[in-house]
Each structure stands twice: as C-alpha cells, then as structure tokens.
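Peer 1: Based on what follows, work out the 3D shape:
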Amino acid sequence: MDTGSDLSERILSLRRNRKSYNEIAQALGISKSTVSYWLAENPESKKIKSFLMAENRERSRYRIQKVIQSSREKWEKVRELGRKEAHNSFNTFLENPIFLVGLSFYWGEGDSKPKNPLRISNTDPRMVHLYIRFLKEILSISSDKIKLGLILYPDISEVSAREFWLRATGLDQNNFFKTQYIRGRHPTKRLSQGICMIVTRSIKEKAKVLEWIDIFYNQFRMV
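Peer 2: Modelled structure (predicted):
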C-alpha cells in the first residue's frame, strides 16, 4: 500500500509529464480531490500549473487566430464572387430603370462599409417601395430576407407607423425587427410615420452592389 510520501511522488511525477488532475486520478485509481490535496500547495506543481495555463492560452490564441483567418478568407471568396457577378450582369441591367433607381438610391443613402449588411434608411415611402423592388427584382432577394426597422419619435404610434410601412413595402409583420425611438431635446413629432430602415444581410449581394456603383462611376465619369 502506498504511503503518503510514495503517493505524493507518483502524483508529482505524472504532473511533471503535464498530466491533468483527471488524468492523474484515472492513472492512479484515486479521486481528483486526492490529487488536488497533494498538489494544491506544492511549489513545483504551482509552477507546472502556471506553465500549462500559459501554454493553453497560447494554443487557444492560435486556434482563435486560425478561425478568424479562415473566416476572413471564406467571406472574401464570397465577396469576390459577388464582384464577379456584378461585372457579368452590369450591362444586362443597365437599361432597367429599377436597377438605376435602386443603385442610385443606395449610392446616395446606403451603408457603404463592405462588412456591414445592405442597409438604407428613408422617410419617403415611394423611394422605399422602389428600393425593395430593386432588392427583389435585381438582386433576387426573397421577401423573408428583407427586414424593416422603424425609427420613431416617442409620440408616434408604432402600430400606425407599422401599418403605414407595411402598405408601402408590401411586406408583413414578420419582416419587422425591434423599433428604435429617438430620445433627445425634441420629443415631439417631426416625422409623421418615422424613418424606415431596410436591412438585408447578404455579404455577396453587398459586394455586388458596391461593385456596381464602382463600375457605373468608372463607365460614366467625366474624363
């Protein structure tokens, strides 16, 4: 039968080989609490623990960096596909008024950051209606992928504003996400139906729209 000293040495020997508390317990047929008892205050064990923790942090950091890099490469391939499709389809759509209206609208009002979703806000229901036609007819985005968000002053009825924008867009209640309220020095109504934000989360289509804008500018700019 192991004496306390013998057991302690065997536990420490396995710990020197970078074995975890669970692995040591299994190897020696003892409980994890017994392993902890013998190692908790041991100076050498504490140094080994610090070393292993630093090593694990480095491995975790490396794995996270690999995942991030892999994700970047994946989405850059998607963006590149969008840019290629933009070049292939530009002339096809060039005489389509919905294409020109939607593209011009996004160029002037839309979110231009490549990593953000296709996002645009406006108060004119006519413009919003035509932009949604652009999403559906030119980008082939289905209705369920088009999300609406309202930005309202506190005294504007959310129910009334939703009904208004539902009629304007032809979408339904499932397309709405949480309404935002303007909190400031002027809480009274200034926009009778608020601002409608249209959001579509498609990395490829975002790249396509931004590339179309570049192509349009380069093709028609004054030299």
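Peer 1: C-alpha only now, for contacts and for neighbours.
Peer 2: OK.
Peer 1: The residue lying closest to I182 once chain neighbours are set aside - how many residues pack around it?
Peer 2: Distance criterion C-alpha to C-alpha, 6 or more residues apart in numbering; nearest residue to I182, sequence neighbours excluded, is Y153 at 5.1 Å. The local packing of Y153 (other C-alpha atoms under 10 Å) involves 23 other residues.
Peer 1: Need the residues that contact stretch 14-21.
Peer 2: 24, 32, 35-36, 45, 48, 52 (C-alpha atoms under 8 Å, 6 or more residues apart in numbering).
Peer 1: Mind checking which of the residues you listed are buried?
Peer 2: 24, 35, 45, 48 (16 or more other C-alpha atoms under 10 Å).
Peer 1: Specify which member of those residues is nearest to I203.
Peer 2: I48 (46.0 Å; C-alpha to C-alpha).
Peer 1: Could you identify the helix or strand that succeeds the helix or strand in which the closest one is found?
Peer 2: Using DSSP states H and E, I48 sits in helix 43-93. For helix 43-93, the following helix or strand on the C-terminal side (DSSP H and E) is helix 97-109.
Peer 1: sorry, back to before: identify, from the contacts of stretch 14-21, the entry nearest to L100.
Peer 2: Looking across the contacts of stretch 14-21 and measuring by C-alpha to C-alpha, the closest to L100 is L52, at 60.2 Å.
Peer 1: Just give the nearest non-adjacent residue to the closest one, would you?
Peer 2: Per C-alpha to C-alpha, 6+ apart, closest to L52 is R18, 7.4 Å.
Peer 1: Please determine how far the one you found is located from E41.
Peer 2: 17 Å (C-alpha to C-alpha, to the nearest Å).
Peer 1: Compare neighbour counts for those two and give me the winner.
Peer 2: Using other C-alpha under 10 Å as the criterion, R18 and E41 rank with R18 on top: 16 against 10.
Peer 1: Show the pLDDT at the more buried one.
Peer 2: Listed pLDDT for R18 reads 81.
Peer 1: Determine the three-state secondary structure at it.
Peer 2: What DSSP: H, G, I helix; E, B strand; the rest coil gives for R18 is coil.
Peer 1: What values do phi and psi take at it?
Peer 2: phi 70, psi 30 (degrees, to the nearest 10).
Peer 1: just for this protein, where's the confidence low?
Peer 2: For the chain, the stretches with pLDDT under 70 are 1-4, 184-191, 222-223.
Peer 1: secondary structure class for S121?
Peer 2: Classified using three-state DSSP, S121 is strand.
Peer 1: ok, now which ones touch it?
Peer 2: S121 touches 109-110, 195-198, counting by C-alpha under 8 Å, 6+ apart.
Peer 1: now do D144
Peer 2: Per C-alpha under 8 Å, 6+ apart, neighbours of D144: 174-175.
Peer 1: now it: how far from F105?
Peer 2: For D144 relative to F105 (C-alpha to C-alpha), the value is 22 Å.
Peer 1: I'd say L152 and Q180 touch.
Peer 2: Yes. Between L152 and Q180 there is a contact under C-alpha atoms under 8 Å: 6.3 Å.
Peer 1: neighbour-wise, which of these two wins?
Peer 2: Just comparing L152 and Q180: by other C-alpha under 10 Å the higher neighbour count belongs to L152, 24 against 15.
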